[in-house]
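[1] Prediction below, plus the sequence it came from.
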Amino acid sequence: MKKRSFIISLVMMLCLLVSACSSASQSSGNSGDEKAAAETTKTYKSTRGDVEIPTHPKRIVTDHYAGELLTVGANLVGSGSWSFTNPFLKDKLKDVTDLGDPINVEKVMKLKPDLIVVMKDDNYDKLSKIAPTVVIPYNTAKNVQETVKMFGDVAGAKKEAEQFLADFEQQSKDARKKIAKVINKDATFGIYENTDKGKLWVFNDNGGRGGQAIYNALGLKAPEKIEKDIIQTGEMKEISMEVLPEYAADYMFVTNYNPNGDSKTLDKLKESSIWKNLDAVKNNRVFINDFDTYYPYDPISVSKQVDLITEMLVKRAEENK
């Protein structure tokens, strides 16, 4: 009887042990599944509220942020039309679908994105039904550093973002050394735009037109009037020809907006006596620049503009000797 009782007790203990192991295994399995699910998505705080997005999205669509996403190596499958006019992105966009402007919802759907990133939220309700949609309004990031970190976070590409910034910082340092050899340390730099409608604008450090390259990467100074009225306020400003001398700089970069190629407003500007009397004009320190080349402000474009502007200044210094 004692032997039988011992065997029964042993069997019961074994059963309890197997049951406990099974429960632990099941609990561990459920925990692992929950952890894996948590690692595949993350919460992103967007202007439209918290959005659950893929931690490492595989197919991204955007309206205006092609350059920013490509900067961090994101897999972009569709973009708004304007990105395709950017000369610095053409090779990188050859396998990307042009979605129009505004982006076409049906075309977006066909691409089966797992993440949509937009500047404008006009079609947010429709787009968010296709895939998680993040809205990043224009001018959310104020410089290359903020931009790269933000899109590295969105695209789950922190290492790529860090590498780009390290390379960009080194590039900027090298460019500043080259420029320091050919310009006076107290020289001032201004950014302007002449339009096909005869409008004249002065730009800040974050409105495209080379502002990020000139003022931030290269560390060049704006005249006091531009610094106070435009850069500190964060707004570009339309001015009249009469007040142009107040906003003039030692070096003046003028973007010519002439989309149809038939505007004569730049010629009219150059013929003005006010223009001819500017020190920058008299000293051959004015640069007339192509709109498509200098309008973009994504980090890839800014990086290319740093090199272009550096070469421009070095070459002009040689010409002016």
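    Perfect, I can see it now. Residues are numbered from 1 along each chain as shown.

[2] what's the nearest residue to G190 if we skip its chain neighbours?
    In space, and not counting its chain neighbours, G190 is closest to A249: 3.3 Å by C-beta to C-beta, 6 or more residues apart in numbering. (Glycine included, C-beta is placed from N, CA and C.)

[3] helix, strand or coil for the one you found?
    Per DSSP: H, G, I helix; E, B strand; the rest coil, the secondary structure class of A249 is coil.

[4] Quick check: it touching F189?
    Yes: the criterion here is C-beta atoms under 8 Å, and A249 meets it with F189 at 5.3 Å.

[5] shared neighbours of these two, anything?
    Shared contacts of A249 and F189 (C-beta atoms under 8 Å, 6 or more residues apart in numbering): A222.

[6] residue boundaries of the helices in the stretch 201-321 of the chain?
    For the stretch 201-321 of the chain, applying DSSP state H, counting those that start in this stretch gives helices covering 211, 224-226, 244-247, 265-271, 273-276, 279-282, 291-294, 299-319.

[7] same question, the stretch 51-200 of the chain
    For the stretch 51-200 of the chain, applying DSSP H, counting those that start in this stretch gives helices covering 66-71, 105-111, 124-127, 144-154, 158-180.

[8] a markdown table for those helices, including mean neighbour count?
    Below are those laid out as a markdown table (neighbours: other C-beta atoms under 10 Å):
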| stretch | mean neighbour count |
| --- | --- |
| helix 66-71 | 26 |
| helix 105-111 | 15 |
| helix 124-127 | 15 |
| helix 144-154 | 21 |
| helix 158-180 | 15 |
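
[9] Which among these is found nearest to N204?
    helix 144-154 (14.7 Å; C-beta to C-beta).

[10] quick check: mean pLDDT across that closest one?
    Taken as a whole, helix 144-154 has a mean pLDDT of 97.

[11] what angle separates that helix from helix 158-180?
    Here the directions of helix 144-154 and helix 158-180 differ by 170 degrees (axes from the mean of the first three to the mean of the last three C-alpha atoms, to 10 degrees).

[12] OK, contacts around the residue nearest to G190?
    Taking C-beta under 8 Å, 6+ apart, we find A249 in contact with 188-190, 222-223, 226, 280.

[13] what's the answer for I274, then?
    Neighbour list for I274: 241-242, 244-245 [criterion: C-beta under 8 Å, 6+ apart].

[14] And the pLDDT at it?
    Per-residue confidence (pLDDT) for I274: 97.

[15] Format the helices of the stretch 51-200 of the chain as a markdown table; extra columns: distance to V134.
    Below are those laid out as a markdown table (distance: least, C-beta to C-beta, whole Å):
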| stretch | distance to V134 |
| --- | --- |
| helix 66-71 | 11 |
| helix 105-111 | 14 |
| helix 124-127 | 10 |
| helix 144-154 | 6 |
| helix 158-180 | 16 |
